[in-house]
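Visitor: here's my sequence, what's the structure:
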Amino acid sequence: MAGVSKGSNDDFLQQTISDETKTPAKLTRRGVVILGISGVVFGGIYAATAPFLTPALRKICLPFVPATTAQVRNVLSVLEGRSGTLIDIGSGDGRIVLEAAKAGFQAYGVELNPWLVFYSKFSAWRFGLSQNAKFFRQDLWKTNLKKYNNIVIFGVDKMMPPLEEKLEKELCKDGCVVACRFPFPRWEPVRTIGSGIDTVWLYRHDSS
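Guide: Numbering: from 1, shown residues only. Next up is the predicted model:
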């Protein structure tokens, strides 16, 4: 092109190549920073919410599904007239334990999910029930149930047979069990309340 020397063309070409090789490096560093920040944010959100939304990693998964108002009412109804200790195995957000404490039971909840245990303890403190409503992080299959008069379980179908075997060994003499959502396969309930997902079955030691 007229007016432009070969030396100038070479200088311009070298500068262009230099700029093009520098630009991707600059963008790559920026991308790494953005990716790193995004990863931290996503990881934090996942860590905070995943325990509430996914089943605990157990041999038999017991997903967290909050009890309905009708279920809570039915549980307390079949336990009317009873007293002493109560344990909810797989206590979730603690609502059964809290309502049982309000009804006069010394109530306990065992739950494998640490976030739900923390939430339940906070709820007990918030409602002034910390003395009568206690929560522990513990595997229900490793929990000794012999010292509890009343046992509540919101189970899943495939866990009921092995749980029935565990309770046959550990249920105390005057104990009773309230099963919610799914009945035990061999035991005969002494009382049934509700319908559909709100159904609860009451079992007594001398009837099991």
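
Visitor: how about stretch 77-85: buried residues?
Guide: 78-79, 82, 85 (16 or more other Cβ atoms under 10 Å). The C-beta positions use only the backbone N, C-alpha and C, and glycine is treated the same way.

Visitor: same check on stretch 100-108?
Guide: 100-101, 103, 105-108.

Visitor: outside of it, which residues touch it?
Guide: The contact list for stretch 100-108 (Cβ atoms under 8 Å, 6 or more residues apart in numbering) reads 75-76, 79, 83-88, 97-98, 124, 129, 132-136, 148, 150, 152.

Visitor: mark which of those are buried, thanks.
Guide: 75-76, 79, 85-88, 97-98, 124, 129, 132-135, 148, 150, 152.

Visitor: can you give me the pLDDT of residue 26?
Guide: At residue 26, the pLDDT value in this model is 49.

Visitor: please identify the helix or strand for residue 66.
Guide: Remark: residue 66 resides in no helix or strand, with elements defined by DSSP states H and E.

Visitor: nearest spatial neighbour of it, skipping sequence neighbours?
Guide: Setting aside the residues directly before and after it, residue 66 is nearest to residue 93 in space (Cβ to Cβ, 6 or more residues apart in numbering), at 5.9 Å.

Visitor: tell me where this structure has strands.
Guide: With DSSP state E, the ranges of strands along the chain come out as 85-89, 106-111, 133-137, 150-154, 176-180, 191-193, 200-204.

Visitor: make TSV from those and add mean pLDDT and distance to residue 65 to it.
Guide: Listed next are the strands of the chain as TSV, based on pLDDT from 0 to 100; distance: least, Cβ to Cβ, whole Å:
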stretch	mean pLDDT	distance to residue 65
strand 85-89	97	14
strand 106-111	97	13
strand 133-137	97	18
strand 150-154	95	7
strand 176-180	96	10
strand 191-193	96	19
strand 200-204	96	15
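
Visitor: tell me where the model's unsure across this structure.
Guide: 1-64, 206-208 (pLDDT under 70).

Visitor: show me where it has its helices.
Guide: 6-53, 69-78, 95-102, 114-126, 160-170 (DSSP state H).
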